[in-house]
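Colleague: Pasting a predicted model and its sequence here:
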Amino acid sequence: MKNIFIGYIFLLSPAFVYADEMVYKLSAPLPAGSGEGTQVSTFIQYIGYLFPFLLFLASILALVMFTLGAIQYMFSEGASGNQGGKEKMTSAILGLLLAAGSVIMLETINPELINLKIDTQNLPETAMPDVP
């Protein structure tokens, strides 16, 4: 498992090096809310469009899991079935609170952490060390 993870890092690393120089045409628009999201020029802009969608997806999944837990709780006949339904509902609420709490915490610390407006053009040049 560790070798697969390291392989993915080496496989994807050249894409991050040249990510600022390309304009990507997405095959399907990302749900950006304002009708944008069909073209992105940086990886940071892509993550900026993807972040609200992932929060929306987390809330939908929490709602689905809460509903499944409630159905399991209602139709269970024994105490063990009730416990499983209660655990699903509690886990769904805790997951939703975790997602919402992380956004609230990041916004409280610095609202720019969520906006992802990083100016990569004005970063200082760094020299890569020579590898023998």
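Modeller: Okay, I see it. Residues are numbered from 1 along each chain as shown.
Colleague: hey, let's count contacts and neighbours off CA atoms from now on
Modeller: Will do.
Colleague: mind listing what's buried in the one helix or strand A62 maps to?
Modeller: Using DSSP states H and E, A62 maps to helix 43-75. In terms of neighbour count (16 or more other CA atoms under 10 Å), helix 43-75 has its buried residues at 43-49, 51-53, 58-59, 62-63, 65-70, 72-73.
Colleague: so the helix or strand that that helix is followed by versus helix 43-75, what angle?
Modeller: Next helix or strand after helix 43-75 toward the C-terminus (DSSP H and E): helix 79-109. Helix 79-109 and helix 43-75 are oriented at 150 degrees to each other (axes from the mean of the first three to the mean of the last three CA atoms, to 10 degrees).
Colleague: helices or strands next to helix 79-109 in the packing?
Modeller: Based on contacts counted as 3 or more CA pairs under 8 Å, 6 or more residues apart in numbering; DSSP states H and E, the elements that helix 79-109 packs against are helix 43-75, helix 112-115.
Colleague: Of those, which is nearest K88?
Modeller: Comparison of the helices and strands packed on helix 79-109 against K88 by CA to CA identifies helix 43-75 as nearest, at 4.9 Å.
Colleague: I'd like the distance between the closest residue to K88 other than its chain neighbours and A100.
Modeller: Nearest residue to K88 in three dimensions, chain neighbours excluded: G69, at 4.9 Å (CA to CA, 6 or more residues apart in numbering). Counting by CA to CA, to the nearest Å, the gap from G69 to A100 is 21 Å.
Colleague: again, but for P52
Modeller: 11 Å.
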